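Peer 1: okay, predicted coordinates and the sequence, questions at the end:
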Amino acid sequence: MSDNDALERTLDLAWELFEAQPTHPRVAELASQVLAAQPERSSVSLLLGNHREICGEADEARRLYLQVAGRRDGQFINAARALRHLAFAERDHAEALRWAHTVLGEDHEDWDDWMELGSAQALCGEHEDGWRQLDEAVALCARTAPDELPEAFGKRAAYLLGSFAPPERFVPAAEEAIRADAANSWVALMLGWAYLVQYRFADAEQLGLRLLRENPTEDMLQNMMGTARTLRGIAENAHAKDITMDDIRNTGVIELGWQQLRDQMLGTDLASALAALDDVMPADLRATLRPGASISDEPESDKVGAMVAEDLVAWHDGQQPGSGAVWGLAEPFRLMSAAEIIAMSTEIEADPAAHPDWPENDVWEQVMTDDAGAYLVAVGFGALVKRRPGQPDEPVAASMADWIWDRVAALGGPDPRPAPRKTEELPADPPPVSETSLTGVIETMCAALGASETSAAYAELRGLFPGSTVRQNALDPVVQGPDGVDIALLDGLVKKVTVEVAHCRSADRVISGLDLDGHRGPVDAFVRARGAVAHNSWENRATGEVTVNYDLAEHRLGLQWETGRLARIFVSATD
C-alpha cells in the first residue's frame, strides 16, 4: 500500500469514527496524522474543526474554520457554513447573519442556506424580513427538493419559535410541520400551547390526547392537557362562577404559560437567566444576597406568587435592606424576602381600601423594593413594572427574566435572546391636560357601560353599530361581526365594548380626530391631552401586542397596537 493510499485509509477511518462517535479522541489523532502529511487539505481541517466544536473547543474550531476560509479554495463555502453554525451556537446573531450572507454570495441554490439567513435576520431584530425569508426557503425547498419538505417545515417552525414569533405566525407553520411529520413531538407540544393562547381549547385537548397516547408519561404533555381541560371547563361554566373569557384574557395567564414554556425550551427562561447571572455576578452584589429558601412548608406561602416570586426566593431569599445600589442602576431596588412579601400581602389583604395601588382583582407579585415605598412588580402577561403610591405603573421590562438577562448582559455575560422589536419611545412627560374631553362615538360607548339591554343608551349604541357581535355573559372568544365591534354583556349589562380598527367602518369616528394609523407616542399625547390619564401598559411577548390602559372619567379606555399600528380600541368599567 502506498503512502497516499494509507493516508486515504486513515482519513476514511477518521470520517467513519466521527459519524459514529463525533467526540472520540481518535478522530483528532487520525485527522492530525493526515494534516501532518498534507496540511493543505482543507476538508480534513474542517473535519478536525467539527470535532473540536462538538467537544466544546469553540475557539480552536473557529481557528481551523477561518484558516480554511482564508485559503479561498473549493471548501470556502463549507468553512463559511461552519462559521455560521458556530456563531448560531454561541448566540452571536450578528456574526451568524454576516456568515449567512457570505454563504449566499457563493451559492443561491440550497434552500437550507436561505432558511439560515431568515433565522439570523429574525434573531437580529429584522423580524418581518426574517420570517418572510423562512417562508421563501420552504417554497424553494418545495421547488428544488420536495423530498426534504418535512425537514424544511420543522426547521421553519423551530426558527419561528426561536425568534419569538407570535402564535398567529407560529401556528400555521407548526400545523404544516405536524402534517408532514406527525412524530415531531416537540413542535406538537408547542402547537398545543399556541392553540391555548388562541383560546382554541378543544383543538389543544384533541392534540394533547393524541400525543399522550404516544407518550403517556410525559409531564409537559399532561400539563398542557390539564390546562386545556381546565380552561374549557371555565368557559363552559363561566356564568355560574362569574368568570368571563375577558377576565381570563386580562390576566394573561395563558399567554404567560406559553411564554414560560417557550423560554424554557429556548434557554431564555428565568431559571436560565439566574444561572447565567450566578456565573458573572460581582462579589459586592453576591455579598448582599441571602441564601435561597424553600417556602413549601411555610405558613401563608401561597402569598409568595408562583409567577416569578417563588423562583426568586428559591434562588436567593431576598437582599439586605438598603443594598439595592449594588445592581448599578439609577434606582436602588433590591430583592424582597419571602417574609417581606408575605407580610406586605397580608397587610394589603387586611385593608384593601388603604392600598388602592394594589387592586384585589388584578394579577401582581411584588418582587423588589427601593425601601422608600416603590416596588418592582410582576403583573399580567408577566410584565415587570415600577409601582409608586398614587402613580400609574411604569413599564420596566417585558418580564422578570428579561430584567435579569439585561443585568447578565451588562456584566459581560451571554445574552441568548433575539433582538427586540423596535418600539416607539413614548413622551417622557405628558402633555398639558386641556379642558376638552374625548369626543365622538366613544361617548356613546362610555354611556352604555353598565346599562341594560332595555336602556336608551344601549339602543343608541346598537344604532351606531347594528351589525356588532353581542356576547351574552362573554363566555366565548370574539367572533368578528360585520361592524368590527364586540359588545360583552354580564347579567344583561354592558361590561365592555371593543372596536377592531381594521374592520370597523366607523372606526375613524370612535375618537374624533384620532389618527388611526398613528403610533404610540402621538396617540398617547392625543388622548392624554383630552383628559385620559395613563393607568398601566404592557407588551404581550407571546403575540407582540402592546396594550395601554387609561382612566377616562369613571371608565377605562384601552388602546392596543399590533406590529406598531393601532389595532383595537375598547372601553370598560374601572371596577
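Peer 2: Looks like it came in fine.
Peer 1: show me the shaky parts of the chain.
Peer 2: Per-residue confidence for the chain (pLDDT under 70) gives these ranges: 1-2, 238-246, 297-298, 421-437, 473-480, 518, 540-543, 574-575.
Peer 1: can you map out the strands along it?
Peer 2: 334-335, 364-369, 375-379, 384-387, 394-397, 469-471, 485-490, 493-500, 533-539, 546-552, 555-562, 565-573 (DSSP state E).
Peer 1: for the ones you listed, give me a markdown table that also has mean neighbour count and distance to A287.
Peer 2: (Glycine included, C-beta is placed from N, CA and C.) Shown next, in a markdown table, are the strands of the chain (neighbours: other CB atoms under 10 Å; distance: least, CB to CB, whole Å):
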| stretch | mean neighbour count | distance to A287 |
| --- | --- | --- |
| strand 334-335 | 23 | 13 |
| strand 364-369 | 23 | 18 |
| strand 375-379 | 24 | 21 |
| strand 384-387 | 21 | 25 |
| strand 394-397 | 18 | 25 |
| strand 469-471 | 19 | 55 |
| strand 485-490 | 22 | 52 |
| strand 493-500 | 22 | 50 |
| strand 533-539 | 19 | 34 |
| strand 546-552 | 21 | 39 |
| strand 555-562 | 20 | 43 |
| strand 565-573 | 19 | 48 |
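Peer 1: okay if I get these as CSV plus distance to Q133?
Peer 2: Converted to CSV, the strands of the chain look like this (distance: least, CB to CB, whole Å):
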stretch, distance to Q133
strand 334-335, 41
strand 364-369, 38
strand 375-379, 35
strand 384-387, 32
strand 394-397, 29
strand 469-471, 37
strand 485-490, 35
strand 493-500, 29
strand 533-539, 24
strand 546-552, 25
strand 555-562, 21
strand 565-573, 22
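Peer 1: quick one, which of those is nearest to W186?
Peer 2: Among the strands of the chain, the nearest to W186 by CB to CB is strand 533-539 (26.3 Å).
Peer 1: the closest one versus strand 375-379: what angle between them?
Peer 2: Between the axes of strand 533-539 and strand 375-379, defined by axes from the mean of the first three to the mean of the last three CA atoms, to 10 degrees, the angle is 60 degrees.
Peer 1: partner strands of strand 533-539, parallel or antiparallel?
Peer 2: Applying DSSP bridges, strand 533-539 is found paired with strand 546-552 (antiparallel).
Peer 1: what is the distance between the partner strand and the centre of its chain?
Peer 2: 21 Å (CA atoms, centre = their mean, to the nearest Å).
Peer 1: which outside residues touch that strand?
Peer 2: 423, 438, 446, 520, 524, 527-528, 531-540, 556-561, 571, 574 (CB atoms under 8 Å, 6 or more residues apart in numbering).
Peer 1: go on, stretch 322-341?
Peer 2: Residues outside stretch 322-341 that contact it (CB under 8 Å, 6+ apart) are 282, 284-285, 288-290, 293, 295, 298, 301, 303-305, 309, 312-313, 316-321, 344, 365-371, 374-376, 386, 407, 410.
Peer 1: filter those residues down to the buried ones, PyMOL style.
Peer 2: Those of the contacts of stretch 322-341 that count as buried under 16 or more other CB atoms under 10 Å are selected in PyMOL with:
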select buried, resi 285+288+289+293+295+301+303+304+305+309+312+313+316+317+318+319+344+365+366+367+368+369+370+374+375+376+386+407
